[in-house]
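Trainee: Whatever this is, show me its structure:
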Amino acid sequence: MSATVRETDVVVVGAGLAGLVAATELTAAGRHVVVVDQESRANLGGQAFWSFGGLFLVDSPEQRRMGVKDSVELAWQDWLGTAGFDRPEDHWPGLWARAYVDFAAGEKRAWLHEQGMRWFPVVGWAERGDGRAGGHGNSVPRFHVTWGTGPGVLEPFVRKAFEAERDGLLTFAFRHRVDELVVDGGGVTGVRGAVLANATESRGRPTNRDVVGDFVVSAPSVIVTSGGIGGNHDLVRAAWPDRLGTPPDHLVTGVPAYVDGRMIGIVEAAGGSVINRDRMWHYVEGIHNWAPIWPGHAIRILPGPSSMWFDGNGRRLPAPYFPGFDTLGTLAHLRQSGHDHSWFILTQKVIEKEFALSGSEQNPDLTGKSVRHVLGRVRPGAPKPVQDFVDYGEDFVTASTIQGLVERMNTLTPDAPLDADDIERQVVERDRNLDNDFAKDAQITAIHGARRYRGDKLIRTATPHKFLDPANGPLIAVRLSVVTRKTLGGLQTDLDSRVLRADGEPVPGLYAAGEVAGFGGGGMHGYRSLEGTFLGGCLFSGRTAGRAVAAGR
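Mentor: Here you go, the predicted model:
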């Protein structure tokens, strides 16, 4: 079988957000680019398509209109307290982090706005933190939901890529799987791999790996933008750190199966350095998708702060492990319980105001840019995508009493039965703290604090109320699982996105951007994320890589 051989100025491996940004920066500079991807054209945009479209911005007009006072100094304080950089190899990640925070406080919004991107006016408050001013978390709301969600973030770069394709500057090589980087004289000079059989499946669905040919693309520069490991549970478990406890036997998957991490090992074999493999970002609020697209497809609940959270033994989680506050802290705490699941207990009033679901397909009003349908969120009742999970999802149960609710919870987890009297005692204790406008219950205090922010009071945080008052019911319980999502470590890169060897020197001709590079430097987030920084990291590092290659750096 003879290989198809072509030559170009630059090869980009991966047609996701970072790859599209890098490719369009290059074509804007007049370079010829071949973008290779193992999936079909139906999957153009990669994982970003499925995202909620949240972007981390600092001191934005949207923040100021909501009465939020932010600054680059506060954002950098939050980033450092969250990242916890503590390793010699955190040199480049730390420099990338500072550059990214400056970008988020500087030209990021103007650059994206100029290309037509717009944002929902109410800024979200994600990762509210661990309760320390200098510790993990966002001191203020910074989560800007893009109008159009993930597809809205992709749109300017997909449009530019199609224009470049029409003009002959960009060639897409779909169903081309890279198996090897071509190395000559110590530098990377192209890619080699297999041509896969045609795939007609719709976006996100698994495709065949039948080989029908070989290919080689030669180029003086290769940019790897192939994503992380979240679709490969074996790699996730192999990288799982002791500080997060033992990896769950039952994991659900928040990314398509093609997020397989193959290219990380391929780049490593060509001399690239991989750092911070043990740093990862998985959510504890995963629910099984009642209408799955990929294997093990899970959706993450984006919770407001009011649901009561219980581990698999029925113990209420302590501060600061409240919904939406400290993702990895909560994960580490729950891994001590001996169970792979945990529980939310809430009321109808809470689910109507506080439950959102991550993902473009779970937010058709925002994704479809429908003002009329977005305004419908303020009407009584849970949003339809949420109600569909209540009606059809395997993880939801409802009842009018705690006794009835726990009975139904125990049918879902018969190997970990809960004591209904003990659950009721904990709910009663919580409810008694609502007889006054102040309380010693830390979660209720946090709810009062959240409602001081206009955005939370308007659309995100329910008025504090007693769960056992029938007027607020019915009661709802949600079984939660750990859902794989982001790789925080990766290929070590300098500030020009050049992949570094273990000795700190660049591999000639080799660059990386996006999740495969830990969103920059091999892990610009450190141990934890402030959220809204994954798409933004792809935008920033993809732009950096494209501009560096175009400038010959």
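Trainee: starting at the chain centroid, how far to the lowest-mean-pLDDT helix or strand in the chain?
Mentor: The helix or strand of the chain with the lowest confidence, counting by mean pLDDT, DSSP states H and E, is helix 371-375 at a mean of 77. Averaging C-alpha positions (CA atoms, centre = their mean, to the nearest Å) puts helix 371-375 25 Å from its chain's average.
Trainee: can you pull the buried residues of that helix?
Mentor: For helix 371-375, burial by neighbour count (16 or more other CB atoms under 10 Å) applies to residue 374. (Glycine included, C-beta is placed from N, CA and C.)
Trainee: Show me what it is packed against.
Mentor: Applying 3 or more CB pairs under 8 Å, 6 or more residues apart in numbering; DSSP states H and E, one finds that helix 371-375 makes contact with helix 364-367.
Trainee: Report the mean per-residue pLDDT for the helix it packs on.
Mentor: Helix 364-367 shows a mean pLDDT of 89.
Trainee: now swap in stretch 64-72 and tell me
Mentor: Per-residue pLDDT over stretch 64-72 has a mean of 98.
Trainee: Check which residues of that stretch are buried.
Mentor: 66, 68, 70.
Trainee: one step back: list the contacts of the helix or strand just after the least confident helix or strand of the chain.
Mentor: Proceeding N to C from helix 371-375, the next assigned helix or strand is helix 384-392, under DSSP states H and E. With contacts defined as CB atoms under 8 Å, 6 or more residues apart in numbering, helix 384-392 is touched by 287, 290-291, 299, 351, 355-357, 362-364, 381-382, 395-396, 398, 476.
Trainee: So which of those residues sit within strands?
Mentor: Secondary structure assignment by DSSP state E places 287, 299, 356-357, 396, 398, 476 of the contacts of helix 384-392 in strands.
Trainee: Out of those, which is nearest to residue 217?
Mentor: Distance to residue 217 across the ones in strands among the contacts of helix 384-392 (CB to CB) is lowest for residue 299, with 36.8 Å.
Trainee: got any ranges where the stretch 251-400 of the chain has weak pLDDT?
Mentor: For the stretch 251-400 of the chain, applying pLDDT under 70 flags no range at all.
Trainee: What are the boundaries of the helices in it?
Mentor: With DSSP state H, counting those that start in this stretch, the ranges of helices along the stretch 251-400 of the chain come out as 262-269, 327-334, 348-354, 364-367, 371-375, 384-392.
Trainee: One more: the stretch 101-250 of the chain?
Mentor: Using DSSP H, counting those that start in this stretch, helices in the stretch 101-250 of the chain cover 108-114, 149-166, 233-239.
Trainee: if we compare those, which one ends up closest to residue 489?
Mentor: helix 233-239 (7.9 Å).
Trainee: which of the residues in the closest one are buried?
Mentor: Judged by neighbour count using 16+ other CB under 10 Å, the buried positions of helix 233-239 are 233, 235-236, 239.
Trainee: Ok, stretch 145-162 next?
Mentor: Result for stretch 145-162 [16+ other CB under 10 Å]: buried residues 145-158, 160-161.
Trainee: pretty sure residue 512 contacts residue 491?
Mentor: Yes. The criterion here is CB atoms under 8 Å, and residue 512 meets it with residue 491 at 4.4 Å.
Trainee: shaky segments in this structure?
Mentor: Scanning the chain for pLDDT under 70 picks out 1-2.
Trainee: repeat that with 90
Mentor: The model of the chain has pLDDT under 90 over residues 1-5, 365-383, 437, 458-460, 553.
Trainee: Assumed residue 68 was part of a strand.
Mentor: No. With DSSP: H, G, I helix; E, B strand; the rest coil as the criterion, residue 68 is assigned coil and is not in a strand.
Trainee: Distance check, it against residue 125.
Mentor: Using CB to CB, to the nearest Å, we find residue 68 at a distance of 9 Å from residue 125.
Trainee: residues near residue 509, how many?
Mentor: Counted with other CB atoms under 10 Å, the neighbours of residue 509 add up to 26.
Trainee: er, residue 445 actually
Mentor: Count around residue 445 with other CB under 10 Å applied: 14.
Trainee: State the distance from it to residue 326.
Mentor: 16 Å.
Trainee: quick one: which of residue 512 and residue 491 has more around it?
Mentor: Set residue 512 next to residue 491 and count neighbours by other CB under 10 Å: residue 512 wins out with 35 against 30.
Trainee: what sits against the more buried one?
Mentor: Contacts of residue 512 were listed using CB under 8 Å, 6+ apart, and they are 223-225, 267, 272, 490-491, 493, 497, 499, 545.
Trainee: what do residue 68 and residue 125 both touch?
Mentor: Listed as contacting both residue 68 and residue 125 by CB under 8 Å, 6+ apart are 140-141, 453.
Trainee: Show me which of those are buried.
Mentor: Among these, those classed as buried by 16+ other CB under 10 Å are 140-141, 453.
Trainee: Could you tell me which of the residues you listed belong to strands?
Mentor: Nothing among these maps onto strands, per DSSP E.
Trainee: What is the nearest of those to residue 202?
Mentor: Taking those together and measuring to residue 202 by CB to CB, the closest member is residue 141, at 35.2 Å.
Trainee: isn't residue 22 right up against residue 539?
Mentor: No. Counting by CB under 8 Å, residue 22 sits too far from residue 539 to count as a contact (10.3 Å).
Trainee: quick one, which of the two is more surrounded?
Mentor: Applying other CB under 10 Å to residue 22 and residue 539 shows that residue 22 carries more neighbours, namely 35 against 26.
Trainee: Cheers, nothing more for now.
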